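> I would like to see how this sequence folds:
(2 chains)
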Amino acid sequence: MTTDLLPDAFATWFAARGWTPRPHQRAMLDAAASGQSALLVAPTGGGKTLAGFLPSLVDLAKHGSSGKIHTVYVSPLKALAQDIARNLIDPIDDMGLPIRIETRTGDTSQTQRKRQREIPPDILLTTPESLALLLSLPEADEMFEGLSCVILDEIHAIAGTKRGDQLALCTARLSRLAPDLRLVGLSATVAHPDAIAAYIAPNGDPARVRRITGAQGAPPEIGILVPEPSGPRDRTLPWSGHMGLFAAPAILAAIKASGMTIVFVNTRAQAELLFDALWRHNDETLPIAMHHGSLDPEQRRRVEDAMAAGRLRAVVATSSLDLGIDWAGVDQVIQVGAPKGVSRLLQRIGRANHRMDAASRAILVPANRFEVLECEAAREGVAEMALDGDPPRPGGLDVLAQHLLGMACSAPFLPDDLYAEVRTAAPYARLSRQDFDDTLRFVADGGYALQAYDRHRKLFTDAIGLVWVRDERVARQYRMNIGTIVEAPMLRVRQRRGGVLGEVEEGFAAQLVPGDTFLFGGRLLRFEGLRETAVEVTPGTGGEPRVPIYEGGRLPLSTNLADRVRRILHDPDLWPLLPVPVQEWLALQARRSRLPGEDDLLVETFPRGGRWYLVAYCFEGRNAHQTLGMLLTRRLERAGAGPLGFVTTDYVLACWCAHEPQDMAALFAEDMLGDDLDAWMADSAMLRRTFRTVAVIAGLIERKAPGAEKNRRQVTINSDLLYDVLRQHEPDHVLLRATRADAAAGLTDLGRIAHMLRRAAGRTVHVRLPRVSPLAVPVLLEIGRERIAHGAGEEDLLAEAEQLIAEGMSESA
Amino acid sequence: MTAAPLHMAGERLMLDPAGAVYWPARRMLIAADLHLEKGTAFARRGMLLPPYDTALTLDRLALLRRRYAPAMLVALGDSFHDRAAALRLNPADRARLLRIAEGLDLVWITGNHDPDPPETLPGRSCDELACEPFTLRHIPRDGVCTDPEMAGHLHPKAQVQTRGQTISRPCFIADDTRMILPAFGTYTGGLDVRDPAIAGLYPRGAQLFLLGRDRVFAFRTAPAPRARMRQA
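Residues are numbered from 1 along each chain as shown, chains lettered A, B, ... in the order given. Prediction:
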């Protein structure tokens, strides 16, 4: 490595700020000089972004602009792209470099777009969606033929998601347009660096990627906050619940004792409730704000600006602040509720990491006593840098469908060529030709056995085998629907006098009757009525407010953390770390029943209130437990135990029955997964939701265009209807295959169940008890609080509701 | 499969869980908003939906015909998704429709989607059909109803809270004088009965009959505080 790689102007610029180029920044220059792609893994705040851009700036300074785009930078966040633009302009202006930087996102105006086409910038900052759009233009070849480098920021947050699939397909195309292209990935520390390296390898060859590691910052300091009991009879530490509201005074004290704090929570509902609880105690009116994904973008931006300007002492935030701009002034991070995974916790703690040499400060606030164990496990996991996360799954066929149409919009292609190109994208390296061909056929004519749509084909093949898009209208429709983020149907929350506050899910709005109050964006609102696309509200006064719940709000406990929790439970030598009430609780469990072992499956049964309870300590996370609960109740049914319902937490599954359940080994035998899984899955609400996402991404149904829904009972198509029709008539349709693949990987967590059953084979420990055990109390308290989604069928629930209302309303009563 | 009896304007009507009304005294089967050929209409706009909707709608209608053996079948408007829809019927679906129409009095009431009588198909066509005591029309009259009517057009659906989950189903909505039928077509969506377009027609509240697999489920909307399930 030589210093010549850094021209004098740059050396002077570094020196003028009292900086010296860091080793990883030099290594990036070296990789560029030898034409290698590079993966830079470094913590936040380590000059990572500058390291990514440095080779491009140097190259452009040396050789001048070619009049073509030299470097494309892709960020998962629009705001980040804009922020990076501002940060890069400083060195460029300071050194007087002839480099033009522009952003291209969904917010870019028509005039700017036109100018970018005529005079391309040297560096283009964009998002995966806008890149896909550019690549679908007929002039894409010309636009990117001089491209030298693509920088993928926060790549750990994108790889393995559908956006990551889309981005990989786009970089595969860019690599074809510009064969000497280098890819540069910027990533936080990840559990599967090989997979990330493969992701950015040109033509799928990881050997061509240089791995560069930035200096690690000081290890974070993590405290666990359990409010002190106020007296010997105070049972401050709750048995159940996930909100952590009881700790509001202690959290407020921690905010007071520090500069700027981000208070991270796990769901938007929790954000609303905790924000409300903090303000109830906020006698000094410290400036505390809230930030979550359903608030109006304008409102979110105001909070971000106030943070950047140092006007706030705390922000209660969901994952909406996990990524994004570095706010220099964040002094501590407080995580309320269990962290659920080590990587996620590290990402959040990193938000307080404004100086490399100073430790980030974080406080974990467990919401119940099980979460104390989880917080302790997470602290241990962070200390060991034991990251979690599954290796990226194969790319989705729905995303492929969108991409194929986009490629046809750009230029006609030969299927053989495009198949070869697609396979150079890491998520599609193992894509079968059959899946490719079926997906292509789906795009062309819907892919139905009944060939009804020959006249309406979107793609057609000419005499020499080139595939063309039918017309400009199809291309326009494609461009309106680019992207892989599909939200649940939302309704705007609009003040009767005043503006839009944000959005709630349609399902929540459906539960409201006029006069109901709910918490939203930190305000108490009164529901006035539904107007097709909006929830009309006025300021509320009193009543017991509801809180909007959003789908997919809660992440399940990671396997990594689950194993650690299990180990702490099993090893009394580790207990002194825990608060006294937790120690007492575990000791009592050891006396009255037994503790779950490191790799057995403890199942307790006991009678209570005329029913028999079965509690299984599986520790596989909520999603897996839901699936397991459904399978288990069917087995109990067949065994004659008369199951009546079940409830799950991240740690435990509890099921209640009319009769005593027997023979746990047989009940939890490994073949359980074969039982009724397919039939149940096909009918589950979860699969319907998954199908809707797949159908939107693949372009079967259009995204809901806001404002265009005046008459929506006729315009929109209910995806559930399509799902039922497809299942009935085309059970092997490519979209159903994509749906099943998504569901198996995601919400059902089948892999984890299979693993647990295998592990527990021959090691199922059944303890019969005369009454409930200490460890089972938390899950029993969840009964009635959790929705019991998979137990009874909709028809039974409707009948029950009808009956209940009839009884409740009957005159004779 | 159990139809629910409903007494209205002195007549006994059977509400079939498939989403149609059978009126025994007149041996009349009534279904609203078939929206035939909606799939092909969407395909023309670039959305290639599974091309089975017309066949499924007609098969369900054929099943009802066998169940009730009506003398008269009334399609309550918007039977075809657009003006050209009847011409797009494929030969198999056309044959299905002819079999249903055979030997009964078929009436196509016109709707906003299909303002013209379907050409080349059996049956007669009219804007309204007077059948004492009811008038059958596509779009319900504005305001409070004094003369009993049956209508479609609005695609009513309703939601019920049970055990923390919301179940949404198409439904019949009726008071003493007005019945609005759910949309019968396979790809038809619904409009919540609390939307002013529907709720405004029932200022004193109404009965709801949500479509189930084998039966309908009866609930009420209310002008005043409404009975409602909270999470158990």
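> what's the longest helix in chain B?
Under DSSP state H, the helix in chain B containing the largest number of residues is helix B:53-68.
> so which elements touch the following helix or strand past that one?
Toward the C-terminus, helix B:53-68 is succeeded by strand B:72-75 as the next helix or strand (DSSP states H and E). When contacts are defined as 3 or more Cβ pairs under 8 Å, 6 or more residues apart in numbering or on different chains; DSSP states H and E, strand B:72-75 sits against strand B:28-31, strand B:105-109. C-beta coordinates here come from the backbone N, C-alpha and C atoms, glycine included.
> recalculate using a threshold of 10 Å.
In terms of contact count using 3 or more Cβ pairs under 10 Å, 6 or more residues apart in numbering or on different chains; DSSP states H and E, strand B:72-75 is assigned the packing partners strand B:20-23, strand B:28-31, helix B:53-68, strand B:105-109, strand B:128-131.
> strand partners of it, parallel vs antiparallel please.
strand B:28-31 (parallel), strand B:105-109 (parallel) (DSSP bridges).
> which of those sits most buried?
Mean neighbour counts were taken over the strands paired with strand B:72-75 using mean count of other Cβ atoms under 10 Å in any protein chain shown, and the top value, a mean of 26, falls to strand B:28-31.
> I'd like the next helix or strand past that one.
Sequence order places helix B:38-44 as the next helix or strand after strand B:28-31, per DSSP H and E.
> roughly how far is that next one from the heart of the chain?
From the chain centre to the centre of helix B:38-44 is a distance of 21 Å (Cα atoms, centre = their mean, to the nearest Å).
> low-confidence stretches in chain B?
Per-residue confidence for chain B (pLDDT under 70) gives these ranges: B:163-165, B:222-232.
> skipping adjacent residues, who's closest to residue B:35 in space?
Leaving aside its chain neighbours, residue B:35 sits nearest to residue B:185 (3.5 Å; criterion: Cβ to Cβ, 6 or more residues apart in numbering or on different chains).
> need the contact list for the one you found.
Residue B:185 is in contact with A:721, B:19, B:31-38, B:53-54, B:56-57, B:60, B:78-81, B:155, counting by Cβ atoms under 10 Å, 6 or more residues apart in numbering or on different chains.
> same thing but at 7 Å, please
For residue B:185, the set of contacting residues under the criterion of Cβ atoms under 7 Å, 6 or more residues apart in numbering or on different chains consists of B:33-36, B:38, B:57.
> and the strands in the stretch 401-550 of chain A?
Using DSSP state E, counting those that start in this stretch, the strands of the stretch 401-550 of chain A run over A:459-461, A:467-469, A:490-495, A:500-505, A:517-520, A:523-531, A:534-539.
> other SSEs contacting the third one?
The contact analysis (3 or more Cβ pairs under 7 Å, 6 or more residues apart in numbering or on different chains; DSSP states H and E) places strand A:490-495 against strand A:500-505, helix A:506-510, strand A:534-539.
> identify each buried residue in the last one, please.
Burial within strand A:534-539, assessed by neighbour count using 16 or more other Cβ atoms under 10 Å in any protein chain shown, is assigned to A:534-537.
> report pLDDT for residue A:242.
In the prediction, the pLDDT value recorded for residue A:242 is 83.
> what's the local residue count around the residue lying closest to it once chain neighbours are set aside?
Across the structure, with Cβ to Cβ, 6+ apart as the measure, the residue nearest residue A:242 apart from its sequence neighbours is residue A:367 (5.0 Å). Residues near residue A:367, counting by other Cβ atoms under 10 Å in any protein chain shown, number 25.
> in three-state terms, label residue A:367 for me.
The assignment at residue A:367 comes out as coil when based on DSSP: H, G, I helix; E, B strand; the rest coil.
> you'd agree it is up against residue A:335?
No. Distance between residue A:367 and residue A:335: 10.5 Å, which falls outside the contact criterion (Cβ atoms under 7 Å).
> overlap in contacts of those two?
For the pair residue A:367 and residue A:335, no residue contacts each of them under the criterion Cβ under 7 Å, 6+ apart.
> any stretches of the stretch 301-450 of chain A with poor pLDDT?
Of all residues in the stretch 301-450 of chain A, those with pLDDT under 70 make up the ranges A:325-328, A:353-357.
> do that again at 80, thanks
The stretch 301-450 of chain A contains residues with pLDDT under 80 at A:323-328, A:353-358, A:389-392.
> let me see the contact set for whatever residue of it ends up closest to chain B.
Closest approach between the stretch 301-450 of chain A and chain B, counting by Cβ to the nearest Cβ: residue A:446, at 3.3 Å. Contact analysis of residue A:446 by Cβ under 7 Å, 6+ apart lists A:453, B:48.
> now swap in residue B:116 and tell me
Applying Cβ under 7 Å, 6+ apart, we find residue B:116 in contact with residue B:83.
> residue B:202: neighbour count?
Should you count by other Cβ under 10 Å, residue B:202 turns out to have 21 residues around it.
> again, but for residue A:455
For residue A:455, the tally of surrounding residues (other Cβ under 10 Å) stands at 10.
> before we move on, back to that, need the winner for burial among the helices and strands packed on strand B:72-75.
The most buried one of the helices and strands packed on strand B:72-75 (mean count of other Cβ under 10 Å) is strand B:28-31, showing a mean of 26.
> residue boundaries of the helices in chain B?
In order along the chain, chain B carries the following helices (DSSP H): B:38-44, B:53-68, B:85-88, B:91-101, B:196-199.
> so what touches the second one?
Just to be clear, that refers to helix B:53-68. Outside of helix B:53-68, the residues within contact range by Cβ under 7 Å, 6+ apart are A:725, B:16, B:18, B:20, B:22, B:29, B:31, B:34, B:36-39, B:89, B:93, B:96-97, B:99-100, B:184-187.
> show me how to select, in PyMOL, the buried members of these.
In PyMOL, this line selects whichever of those come out buried by 16+ other Cβ under 10 Å:
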select buried, (chain A and resi 725) or (chain B and resi 16+18+20+22+29+31+34+36+37+38+39+89+93+96+97+100+184+185+186+187)
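> and the residue nearest the centre of chain B?
Averaging the C-alpha coordinates of chain B gives a centre point, and the residue nearest to it by Cα atoms, centre = their mean is residue B:32 (3.1 Å).
> neighbouring contacts of the longest strand along chain B?
Across chain B, the strand with the greatest residue count (assigned by DSSP state E) is strand B:165-174. For strand B:165-174, contacts defined as Cβ under 7 Å, 6+ apart pick out A:507, A:510-511, A:787, A:789, A:794, A:797-798, B:6, B:8, B:15, B:19, B:156-160, B:179-183, B:190, B:193, B:198, B:202, B:206-211.
> what comes up buried for that strand?
Going by neighbour count (16+ other Cβ under 10 Å), the buried part of strand B:165-174 is B:165, B:167-174.
> which residue, other than its chain neighbours, is closest to whichever residue of the stretch 251-400 of chain A sits closest to chain B?
At 13.2 Å from chain B, residue A:269 is the closest residue in the stretch 251-400 of chain A, using Cβ to the nearest Cβ. Once its chain neighbours are removed from consideration, residue A:269 has its nearest residue in residue A:547; the separation is 4.5 Å (Cβ to Cβ, 6+ apart).
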